[in-house]
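Engineer: here is a sequence together with a model predicted from it:
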Amino acid sequence: MQIPDNIDDIRQKLFDVKLPILLNSQQIADYWPHTTNVWMRHTKIFPANDGTRVEEWECRHKNRVTKKFETRETSGAWQSKRALLRESDSKSCPIRLRMSYFIRHADNDENHKGGIFRCNCLPERMYLERSAKSGEAHNHDMEVLDTFKRSDAMMYFVKNKAEEGYSFAAVTNWLHKNFDSMTSQAQRIGKQGS
């Protein structure tokens, strides 16, 4: 996996979804792993007759995140997720997406009932648009999400280095040296609450 050029601009478009977005399979593979800290599935899958699936996704700055972690007193710059959210706007984010995608499986659908990214099949195309139940804008910026949740793309690099036997500090230093200039999400690794 590599970090695509202008990934922060692309992440911002996938964060805002002001206009509908159509992604092909290569764009899905390159871009979606950088947004997994922004979106989470909200509904079950609705299969259509033509093989297309439809899901609703919502911003992670929703009720689940604001209620999950309790504030605890610690020394240093570390902050709990609840404190980070309180510093932004602690209201639930109203943004929801409607995701339509088409996957052609090599075998039958029985092995692929978990929805997008639950099997090893990559969608041929994905269409993203604001849900009818969505609000008009996020009530926070992407930095809040980058601070308390890591994207799958960042975790891929961290996991690979950790499996090579490097300490967390060494992995963090390596990540900052190689990726800070490429994407702002890398700058948040190991700097929680800073």
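Structural biologist: In hand now; what should we look at?
Engineer: all helices of this structure, in order?
Structural biologist: 7-16, 25-31, 63-68, 81-87, 142-148, 152-163, 168-179, 184-187 (DSSP state H).
Engineer: buried set for the first one?
Structural biologist: Neighbour-count burial for helix 7-16 flags 7, 10, 11, 14, 15 (criterion: 16 or more other CB atoms under 10 Å). In short, each C-beta sits where N, CA and C put it, glycine included.
Engineer: for the second one, give its distance to residue 54.
Structural biologist: Same thing as residue 10. 23 Å (CB to CB, to the nearest Å).
Engineer: ok, and the closest non-adjacent residue to residue 7?
Structural biologist: Counting by CB to CB, 6 or more residues apart in numbering, the nearest residue to residue 7 once its immediate chain neighbours are dropped is residue 183, at 5.0 Å.
Engineer: is it true that that neighbour touches residue 8?
Structural biologist: Yes. Residue 183 lies in contact with residue 8 (CB atoms under 8 Å); the separation is 5.5 Å.
Engineer: so where is this protein shaky, pLDDT-wise?
Structural biologist: Per-residue confidence for the chain (pLDDT under 70) gives these ranges: 44, 47-49, 51, 63-90, 104-120, 191-194.
Engineer: how close does the nearest residue to residue 61 once chain neighbours are set aside sit to residue 151?
Structural biologist: Excluding its sequence neighbours, the residue lying closest to residue 61 (CB to CB, 6+ apart) is residue 93, at 3.9 Å. Distance, residue 93 to residue 151, by CB to CB: 17 Å.
Engineer: more neighbours: those two, which one.
Structural biologist: residue 93 (25 against 21; other CB atoms under 10 Å).
Engineer: which residues sit in contact with that one?
Structural biologist: 58, 59, 61, 62, 135, 138, 139, 140 (CB atoms under 8 Å, 6 or more residues apart in numbering).
Engineer: next: residue 190.
Structural biologist: Counted by CB under 8 Å, 6+ apart, residue 190 has contacts 168, 169, 172, 175, 176.
Engineer: distance of it relative to residue 171?
Structural biologist: In terms of CB to CB, residue 190 sits 9 Å off from residue 171.
Engineer: what about the spatially most central residue of the chain, distance to residue 146?
Structural biologist: Among the residues of the chain, the one closest to the centroid is residue 36, at 1.7 Å (CA atoms, centre = their mean). According to CB to CB, residue 36 stands 12 Å off from residue 146.
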